[in-house]
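Participant: Got a sequence here, can you model it:
(chains A and B)
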There are 2 protein chains.
Amino acid sequence: MLSEFELINLFRDIGSEYYEQNGIVLSPGDDCAIIDLPKPLIISVDASVADIHFPSNANPIDIGYRSVAVALSDLAAMGCFPRAFSLSVTSPINDKEWYINLSKGVKEIADEFEISLIGGDITKGPLNLNVIVYGTPYDSKVLKRSSAKIGDNIYISSQIGRAKKGLSDFVNGDLESEFIKDYLRPLPKIKLGKDIINLASACIDTSDGLLADLKNILKSSEVGAIIFLDDIPITSGIEDINAGDDYDLCFTMPSNIPNNDFYKIGEVIEGTEIKLVSDKGYDVDIKGFDHFNNE
Amino acid sequence: MLSEFELINLFRDIGSEYYEQNGIVLSPGDDCAIIDLPKPLIISVDASVADIHFPSNANPIDIGYRSVAVALSDLAAMGCFPRAFSLSVTSPINDKEWYINLSKGVKEIADEFEISLIGGDITKGPLNLNVIVYGTPYDSKVLKRSSAKIGDNIYISSQIGRAKKGLSDFVNGDLESEFIKDYLRPLPKIKLGKDIINLASACIDTSDGLLADLKNILKSSEVGAIIFLDDIPITSGIEDINAGDDYDLCFTMPSNIPNNDFYKIGEVIEGTEIKLVSDKGYDVDIKGFDHFNNE
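Facilitator: I've put the predicted structure just below:
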């Protein structure tokens, strides 16, 4: 097994070639990192817990990749430019190869988005990864949840339920399934966030389920919505509106902005309710994932 | 039990009265927080894992306090002004009171240092807290590990081994022990870091053991040290030089800066070794805590 020092060395240079462009003044190796970027700094933290957020027997390359990807998705939802991240790994594993592969997955996504790993922690314990991401706005504004307006249209950019199907196929051993990559390798929609920053009125990423996350926009914006269930592109069934882990963006745009690039799934209305309508007879409850009341 | 939403609400306003002074532009409730402070930003993350960093049966008030305190200690070691923090909690616990008390401990230290909680995550799983701290320099410089110079004196500010004795007393049920608070309620030496910023040449916090942490200064600075074991204020015995969790600062100062406020424990010398000297016949190995090779 590697020592703690050797383990840290597997990770410490990840994204070091992007230090300058990302304003990293002091890199891993001191008590803290120092980041010197155009203000303000946009920050989010995401925990990935074994057998809650990923199967503990998944390939560590995928675990590393996915843990960073889901954190970056929060920067996408705000229309921000990813710059750097910190990684805290708690793991019971004694196999050197496992850590080498974990670091490969982390490096892969760091290179894909040209972000720098600026620090972290590594401790022994039940498998748990925490990723903290740091970004800067692409524009003078950032996307928020709280500014959806009555009359806006509601959009998503891709078919829902793919990740849920991927997890199910993985657990059932159908390893050829095209959906597994949607679960294990979600693509943070950074480019989409950038593209819609001056078009969208509100935005969120769909990690807990499309309708559960949309509810957060509606609550923050103090509005309601009508959702056309028949217009939502689904994978397994209409229950996919409660399927988590898609990491798409759900966003609202004023109705005078014509847009055929995305799936229009509803409209913002007065009130605080979500009305679900369907000519196909779809009937479904709004659930979404609650970590503490889902059993 | 509380829902995930109710749990988040226990924490979301912690330190909100300090948002303005700490540059918190967008507070918890969106996908990310936004922080707009004088540049640069100093960042560190610290994991606190149950039964590794704290006993899982400790009072959740202490668990909350301690998890933030040990992260702030990294800002102290760099001579920085604490501004904000993020908190990611993974917990298997279903008892509402436990979370209320956890949030009380977090609020207590947030108020003590006037820092704002700017976001986080809460998930179900084995007990694990990750705290990310954000600070700004007090001065034009920050304290680093890499600038100790040959001839400098080496200092600590307090008796070592107190936290180790506190943990031992706690585990053994000696709950009246004065040392327990040193373990469960470490004081991050923010004020000390500020006071020595223009005096110290290098600095680190002593979380893994005095000599193990000093080794990191020596390695980063490419120097050696002579340590006068007889001059180190100890609690249980000379083995305390390998005791973790004290969260004091260990720092070097040029020898022409007279200083009687701290304990001088050695001098920086040429080479890469630590020489331990004692007239009392103390003999001890340098160990320090390695999370992956300590069993």
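Participant: SS state for the residue lying closest to A:A33 once chain neighbours are set aside?
Facilitator: For A:A33, ignoring the flanking residues on the chain, the nearest one in space by C-beta to C-beta, 6 or more residues apart in numbering or on different chains is A:I118 at 3.8 Å. For the C-beta atoms, the positions are set from N, CA and C on the backbone; glycine is no exception. With DSSP: H, G, I helix; E, B strand; the rest coil as the basis, A:I118 sits in strand.
Participant: Neighbours of A:I118, how many?
Facilitator: A:I118 sits with 31 neighbouring residues when counted by other C-beta atoms under 10 Å in any protein chain shown.
Participant: A:C32 is in contact with that one, correct?
Facilitator: No - contact criterion C-beta atoms under 8 Å: A:I118 and A:C32 do not qualify, at 9.1 Å.
Participant: Those residues of the stretch 51-200 of chain A touching chain B, which are they?
Facilitator: A:51-53, A:74-75, A:77-78, A:80, A:86, A:88, A:90, A:94, A:118-126, A:128, A:130, A:132-135, A:142, A:144-146 (C-beta under 8 Å from any C-beta of the partner chain).
Participant: Can you flag the buried ones in the residues you listed?
Facilitator: Buried members of these, counted by 16 or more other C-beta atoms under 10 Å in any protein chain shown: A:52-53, A:74-75, A:77-78, A:80, A:86, A:88, A:90, A:118-126, A:128, A:130, A:132-135, A:142, A:144-145.
Participant: Out of the residues you listed, name the ones that lie in strands.
Facilitator: Using DSSP state E, the members of those that fall within strands are A:80, A:86, A:88, A:90, A:118-124, A:128, A:130, A:132-135.
Participant: contacts for stretch A:143-152?
Facilitator: The contact list for stretch A:143-152 (C-beta atoms under 8 Å, 6 or more residues apart in numbering or on different chains) reads A:77-79, A:193, A:196-197, A:200-204, A:216-218, A:220-221, A:223, A:251-255, A:267-270, B:26, B:29-31.
Participant: Got a quick PyMOL command for the buried subset of these?
Facilitator: A single PyMOL command selects the buried members of the contacts of stretch A:143-152 (16+ other C-beta under 10 Å):
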select buried, (chain A and resi 77+78+79+193+196+197+200+201+202+203+204+216+217+218+220+221+223+251+252+253+267+268+269) or (chain B and resi 26+30+31)
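Participant: In helices, which of the contacts of stretch A:143-152 fall?
Facilitator: A:77, A:193, A:216-218, A:220-221 (DSSP state H).
Participant: Measure how far the host helix or strand of A:R83 is from the centre of its chain, please.
Facilitator: Per DSSP states H and E: A:R83 is located in strand A:80-91. With C-alpha atoms, centre = their mean, to the nearest Å as the basis, strand A:80-91 stands 13 Å off its chain's centre.
Participant: mean confidence score for that strand?
Facilitator: In this model, strand A:80-91 has an average pLDDT of 96.
Participant: Quick check: buried residues in the helix or strand that that strand is followed by?
Facilitator: Downstream of strand A:80-91, the first helix or strand assigned by DSSP H and E is helix A:96-113. Residues of helix A:96-113 classed as buried: A:99, A:101-110, A:113 (neighbour count, 16+ other C-beta under 10 Å).
Participant: Identify the residues contacting the residue nearest to A:A33.
Facilitator: Per C-beta under 8 Å, 6+ apart, neighbours of A:I118: A:24, A:27-28, A:33, A:35, A:84-86, A:134, B:43.
Participant: Let me know the distance separating it from A:G161.
Facilitator: From A:I118 across to A:G161, the span is 35 Å (C-beta to C-beta, to the nearest Å).
Participant: And for A:I24?
Facilitator: Note on A:I24: its distance to A:G161, by C-beta to C-beta, is 38 Å.
Participant: all strands of chain A, in order?
Facilitator: A:24-26, A:33-35, A:41-49, A:80-91, A:116-124, A:128-137, A:153-156, A:202-205, A:224-228, A:249-253, A:263-269, A:274-277.
Participant: Would you list the strands that the first one pairs with, along with their directions?
Facilitator: Counting by DSSP bridges, the strands paired with strand A:24-26 are strand A:33-35 (antiparallel).
Participant: and the closest residue to A:Y155 other than its chain neighbours, how many neighbours does it have?
Facilitator: Spatial nearest neighbour of A:Y155, excluding adjacent residues (C-beta to C-beta, 6+ apart): A:F262 at 4.1 Å. By other C-beta under 10 Å, the residues close to A:F262 number 18.
Participant: who touches A:F262 in this structure?
Facilitator: A:155-157.
Participant: ok, now which ones touch A:E112?
Facilitator: So A:E112 contacts nothing (C-beta under 8 Å, 6+ apart).
Participant: gap between it and A:R12?
Facilitator: As judged by C-beta to C-beta, A:E112 and A:R12 stand 19 Å apart.
Participant: what does A:M78 give?
Facilitator: The value you get for A:M78 to A:R12, if C-beta to C-beta is used, is 28 Å.
Participant: swap in A:P254?
Facilitator: With C-beta to C-beta as the criterion, A:P254 and A:R12 are 46 Å apart.
Participant: now A:G119
Facilitator: In terms of C-beta to C-beta, A:G119 sits 9 Å off from A:R12.
Participant: tell me, what's touching the two both at once?
Facilitator: With C-beta under 8 Å, 6+ apart as the test, A:G119 and A:R12 both reach A:P28.
Participant: picking that back up, on the pLDDT front, check the residue nearest to A:A33 for me.
Facilitator: At A:I118, the model reports a pLDDT of 94.
Participant: Same question for A:S56.
Facilitator: For A:S56, the predicted pLDDT is 94.
Participant: same deal with A:N293?
Facilitator: Note on A:N293: pLDDT of 61.
Participant: ditto for A:I286
Facilitator: 63.
Participant: One more: the one 3 residues further on?
Facilitator: Reading off the per-residue confidence, A:F289 sits at a pLDDT of 60.
Participant: for A:P258, same thing?
Facilitator: A:P258 carries a pLDDT value of 88.
Participant: From B:L210, how far out is it?
Facilitator: Counting by C-beta to C-beta - A:P258 and B:L210 are separated by 67 Å.
Participant: out of these two, which sits in the busier spot?
Facilitator: Neighbour totals were compared for A:P258 and B:L210, and B:L210 leads with 27 against 8 (other C-beta under 10 Å).
Participant: OK, contacts around the more buried one?
Facilitator: By C-beta under 8 Å, 6+ apart, the contact set of B:L210 is B:156, B:160, B:232, B:240-243, B:246, B:248, B:250.
Participant: where does chain A dip in pLDDT?
Facilitator: Residues of chain A that meet the criterion pLDDT under 70 lie in A:286-295.
Participant: Kindly report the domain assignment for it.
Facilitator: Using automatic domain parsing, the domains assigned to chain A come out as A:4-137, A:153-277.
Participant: Please report the separation between the first and final residues of the last one.
Facilitator: Its start and end residues considered, domain A:153-277 measures 15 Å (C-alpha to C-alpha, to the nearest Å).
Participant: Just give me how far it sits from the chain centre.
Facilitator: 12 Å.
Participant: closest to B:D285 among the ones in helices among the contacts of stretch A:143-152?
Facilitator: The nearest member of the ones in helices among the contacts of stretch A:143-152 to B:D285, counting by C-beta to C-beta, is A:A77 at 51.1 Å.
Participant: is it true that the closest one touches A:D248?
Facilitator: No - assessed by C-beta under 8 Å, A:A77 is found out of contact with A:D248, at 9.8 Å.
Participant: what do these two both touch?
Facilitator: When contacts are counted by C-beta under 8 Å, 6+ apart, A:A77 and A:D248 are jointly contacted by A:189, A:205.
Participant: what's around the nearest residue to A:E108 once chain neighbours are set aside, how many residues?
Facilitator: Nearest residue to A:E108, sequence neighbours excluded (C-beta to C-beta, 6+ apart): A:Y65, at 5.6 Å. Counted with other C-beta under 10 Å, the neighbours of A:Y65 add up to 23.
Participant: Provide a list of residues in contact with A:Y65.
Facilitator: Counting by C-beta under 8 Å, 6+ apart, A:Y65 touches A:105-106, A:108-109, A:184-185.
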